[in-house]
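Chemist: Here's a sequence, model it:
(2 chains)
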Number of protein chains: 2
Amino acid sequence: MQAYAISPSGAVPQANLVDQAVSHLAAAGLTIKLDRTALKRVQRFAGTDLDRIACFARAAKQKAPIIMITRGGYGITRLLPELDYQALAASDKAWVGFSDFTAFQLAMLARAKAVTWSGPALIEDFGKVQASEIDENTRDVFFEAMRGELEVVGFEWKGPSAYRGLEATGTLWGGNLSVLCSLMGSPYFPKVKGGILMLEEVGDHPYRLERWLTQLLHAGVLDQQKAVLLGGFNQYKLVDHDAGFDMPAVVKWLRSRTKTPIIQGLPFGHGMTKLTLPHGAKVSMVLQGKTAFIVLPHSH
Amino acid sequence: MQAYAISPSGAVPQANLVDQAVSHLAAAGLTIKLDRTALKRVQRFAGTDLDRIACFARAAKQKAPIIMITRGGYGITRLLPELDYQALAASDKAWVGFSDFTAFQLAMLARAKAVTWSGPALIEDFGKVQASEIDENTRDVFFEAMRGELEVVGFEWKGPSAYRGLEATGTLWGGNLSVLCSLMGSPYFPKVKGGILMLEEVGDHPYRLERWLTQLLHAGVLDQQKAVLLGGFNQYKLVDHDAGFDMPAVVKWLRSRTKTPIIQGLPFGHGMTKLTLPHGAKVSMVLQGKTAFIVLPHSH
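Modeler: Predicted structure coming up:
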């Protein structure tokens, strides 16, 4: 398999992290070609806005069927009005990424009804000194998905026992919570009804997580979904002032405000096992015993 | 003058901070009565949701014409669907505050077209050991405004010289940037066209400030205003990775994306001189030489 890697967001801090990822992926059977501005830096960004806009167009035109990102960070939001979503969707590439890449994925869904892939990034998931440091599940599911062989994923879910047996079919969408909320009110936020919304965030205090989740609640987005899947919400720091306020309190409060099931345990987020899932595709989900299954459409 | 103080957001960390503020304000001629749950704590909040919903209603019914907050923090967003905006607006009180209070002010404008006051909070602005530590301008403008004597405020503005002579009349609105953006897409975000939007934020990295400002840009909010007034954006920490990216870069980029004048220097924010201004009222602004003047309506 072949992939093309772009840097649409933050600058790569050290080129050797990309080298390590390229090397480990090559050993696993995936050859990576780096876009020509993938290692560029302008302030905190991986190149100028024009560089990063152009990297999407170059990725759509080259031969490899898979487009990966070197890393997330911040930078896609400001490019959104300049991307040609119809052309990028027509390229029929498998666009893969997460974190800041969520902005691109949501815009592709909103503007071109295009399916992209929520999945790993080169540095975060494969930029390790030793191949043994790579999360096997992250790698295996990613490879299966890219080979078109991924039919179903399963994971241990958490939530009230009343959710048991829940079945839902709808558009799978979402990603990074703060990036997703930063598109609300704009033309790049997709209007998904009856969907399955997945969310993750890193490094933000639970009061901020709650404020964003409340934004989705007040905007009617949560009530319009068949299910919400919570991935990783980690690497935040509590303070004495919280006095018992933490993510469990947030989830409990949220469940009291919407009838939409809020299901925890999705392996998706920063610094953890990360499934590769088709963003914008219609999937089926079932909570069977302790396991949640997500069934992918045949076309992917 | 008399005021009634509520805690609709975060718990008061130390009661003596409120005592100090009450004492200094009394000496200056403003008697404060504390709401009965103003010093309560439930987790990080100043009471349960019901306590904090009820404090708004109690404030509307008591006699003092001015309602102040003990402090900001976080907590109003989750109460928004439960407040009776028509009744609170009909009370004709002068509701004063900032930071998390922005959520209430925006909702009052969106749901009841009500004018509130963007201004000081007890602890932040008056909770000092010595009266001499209180910012005189913050105090004097607040007292003038509450006496109904504030007709015009002036401050040294910053921005391109092309802005000189700018005159604008429109609804003054805004406040804390992250709180304001967290209402986008919800029924609590007012639709203000031809307005003068004021923004401030504390402790957030410029990339986040830019992401929020970009949200306002992409949603069309910036283009719909006659002017944007930037207050304090402070107490954030840059990292090596920023490599020159900072608030000036954000403002420069933003100015390249909207024709709406982005004017800096508004004395409003955290840990700095804070004007008291009528949120939701029609004001006139003129940039005369180095000074920006905001002329308040006669009715306030």
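
Chemist: which ones are touching the most centrally placed residue in chain A?
Modeler: Nearest residue to the geometric centre of chain A (C-alpha atoms, centre = their mean): A:F98, 3.4 Å. By C-beta atoms under 8 Å, 6 or more residues apart in numbering or on different chains, the residues touching A:F98 are A:G72, A:S118, A:G119, A:P120, A:A121, A:E124, A:G175, A:N176, A:E200, A:F268, A:K274. Just so you know, the C-beta spots here come from the backbone N, C-alpha and C atoms, and that holds for glycine as well.

Chemist: If we use 7 Å, what do you get?
Modeler: Neighbouring residues of A:F98 by C-beta atoms under 7 Å, 6 or more residues apart in numbering or on different chains: A:G72, A:S118, A:G119, A:A121, A:G175, A:N176, A:K274.

Chemist: Can you give me the pLDDT of it?
Modeler: The model reports A:F98 with a pLDDT of 98.

Chemist: From A:H279, how far out is it?
Modeler: Computed as C-beta to C-beta, to the nearest Å, the A:F98 to A:H279 distance reads 9 Å.

Chemist: So, low pLDDT: which residues of the stretch 101-250 of chain A?
Modeler: Within the stretch 101-250 of chain A, no stretch has pLDDT under 70.

Chemist: mind listing the helices for it?
Modeler: A:102-112, A:136-146, A:177-181, A:206-218, A:247-255 (DSSP state H, counting those that start in this stretch).

Chemist: right, and those helices - which one's nearest chain B?
Modeler: Each of these was scored for nearness to chain B using C-beta to the nearest C-beta, and the closest is helix A:206-218 (3.7 Å).

Chemist: hmm, who's touching that closest one?
Modeler: Residues contacting helix A:206-218 (C-beta under 7 Å, 6+ apart): A:177-178, A:181, A:184, A:201, A:222, A:233, A:236, A:245-247, A:250, A:254, A:257-258, B:44, B:74, B:77-78, B:80-81, B:182, B:185-186, B:188.

Chemist: excluding its backbone neighbours, what's nearest A:F142?
Modeler: A:T276 (4.5 Å; C-beta to C-beta, 6 or more residues apart in numbering or on different chains).

Chemist: what's the burial count for the one you found?
Modeler: Neighbour count for A:T276, taken as other C-beta atoms under 10 Å in any protein chain shown: 25.

Chemist: A:R208 now?
Modeler: Neighbours around A:R208, by other C-beta under 10 Å: 19.

Chemist: what's the distance between it and A:D242?
Modeler: 12 Å.

Chemist: which ones are touching the nearest residue to A:V202 once chain neighbours are set aside?
Modeler: For A:V202, ignoring the flanking residues on the chain, the nearest one in space by C-beta to C-beta, 6+ apart is A:H270 at 3.7 Å. Applying C-beta under 7 Å, 6+ apart, we find A:H270 in contact with A:S99, A:V202, A:G232, A:N234, A:Q235.

Chemist: change it to 8 Å
Modeler: Taking C-beta under 8 Å, 6+ apart, we find A:H270 in contact with A:S99, A:E124, A:E200, A:V202, A:G203, A:G232, A:N234, A:Q235.

Chemist: Would you mind checking which of these is nearest to A:Q20?
Modeler: The nearest member of those to A:Q20, counting by C-beta to C-beta, is A:E124 at 11.9 Å.

Chemist: Touching, the closest one and A:G73? I think so.
Modeler: No - using C-beta atoms under 8 Å as the test, A:E124 is too far from A:G73 to be in contact (10.3 Å).

Chemist: Need the overlap of contacts for those two.
Modeler: Taking C-beta under 8 Å, 6+ apart as the criterion, A:E124 and A:G73 both touch A:S99.

Chemist: between those two, who's got more neighbours?
Modeler: A:G73 (24 against 20).

Chemist: So which of the contacts of A:F98 sit within strands?
Modeler: Residues of the contacts of A:F98 located in strands (DSSP state E): A:S118, A:G175, A:N176.

Chemist: Can you say which of those residues are buried?
Modeler: A:S118, A:G175, A:N176 (16 or more other C-beta atoms under 10 Å in any protein chain shown).

Chemist: just those now: which is nearest chain B?
Modeler: Once C-beta to the nearest C-beta is applied, the member of those that ends up nearest chain B is A:N176, at 11.4 Å.

Chemist: Not counting residues beside it along the chain, what's closest to the closest one?
Modeler: A:T102 (4.3 Å).

Chemist: Chain A against chain B: which residues are in contact?
Modeler: A:10-11, A:13, A:41, A:43-45, A:74, A:77-78, A:80-81, A:178-179, A:181-189, A:207, A:210-212, A:214-215, A:218-219, A:221, A:241-245, A:249, A:253 (C-beta under 8 Å from any C-beta of the partner chain).

Chemist: what about A:Q224, how many residues close to it?
Modeler: Neighbour count of A:Q224, defined by other C-beta under 10 Å: 17.

Chemist: wouldn't it be in contact with A:K193 here?
Modeler: Yes - contact criterion C-beta under 8 Å: A:Q224 and A:K193 qualify, at 4.8 Å.

Chemist: measure stretch A:277-294 end to end?
Modeler: Length of stretch A:277-294, first residue to last, C-alpha to C-alpha, to the nearest Å: 9 Å.

Chemist: buried stuff in that stretch?
Modeler: By 16+ other C-beta under 10 Å, the buried positions in stretch A:277-294 come out as A:277-287, A:292-294.

Chemist: same question, stretch A:70-81
Modeler: Quick answer for stretch A:70-81 (16+ other C-beta under 10 Å): A:T70, A:R71, A:G72, A:G73, A:Y74, A:G75, A:I76, A:T77, A:R78, A:L79, A:L80.

Chemist: Quote the end-to-end distance of it.
Modeler: Terminal-residue distance, stretch A:70-81 (C-alpha to C-alpha): 22 Å.

Chemist: just stretch A:154-170 next, same as before
Modeler: Length of stretch A:154-170, first residue to last, C-alpha to C-alpha: 17 Å.

Chemist: Could you do stretch A:244-263 as well?
Modeler: Using C-alpha to C-alpha, the end-to-end distance of stretch A:244-263 comes to 22 Å.

Chemist: Kindly report the same for stretch A:238-255.
Modeler: End-to-end distance for stretch A:238-255: 22 Å, by C-alpha to C-alpha.

Chemist: Distance from the chain centre to it, please.
Modeler: Relative to its chain's centre, stretch A:238-255 lies at 25 Å (C-alpha atoms, centre = their mean, to the nearest Å).

Chemist: which parts of that stretch are buried?
Modeler: By neighbour count on 16+ other C-beta under 10 Å, the buried set for stretch A:238-255 is A:F245, A:D246, A:M247, A:A249, A:V250, A:V251, A:W253, A:L254.

Chemist: out of everything not next to it in sequence, what's closest to the fifth one?
Modeler: This points to A:V250. A:E210 (4.4 Å).

Chemist: Tell me how many other residues crowd the one you found.
Modeler: Using other C-beta under 10 Å, A:E210 is surrounded by 22 other residues.

Chemist: repeat for the one 10 residues further on
Modeler: Applying other C-beta under 10 Å, we find 14 other residues in the vicinity of A:G220.

Chemist: Quick check: phi and psi at it.
Modeler: Phi and psi for A:G220, reported as degrees, to the nearest 10, are phi 90, psi 0.

Chemist: how is chain A carved up into domains?
Modeler: Using automatic domain parsing, the domain ranges for chain A come out as A:2-146, A:152-295.

Chemist: could the ones you listed go into a markdown table alongside distance to B:I66?
Modeler: Formatted as a markdown table, these follow (distance: least, C-beta to C-beta, whole Å):
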| stretch | distance to B:I66 |
| --- | --- |
| domain A:2-146 | 40 |
| domain A:152-295 | 28 |
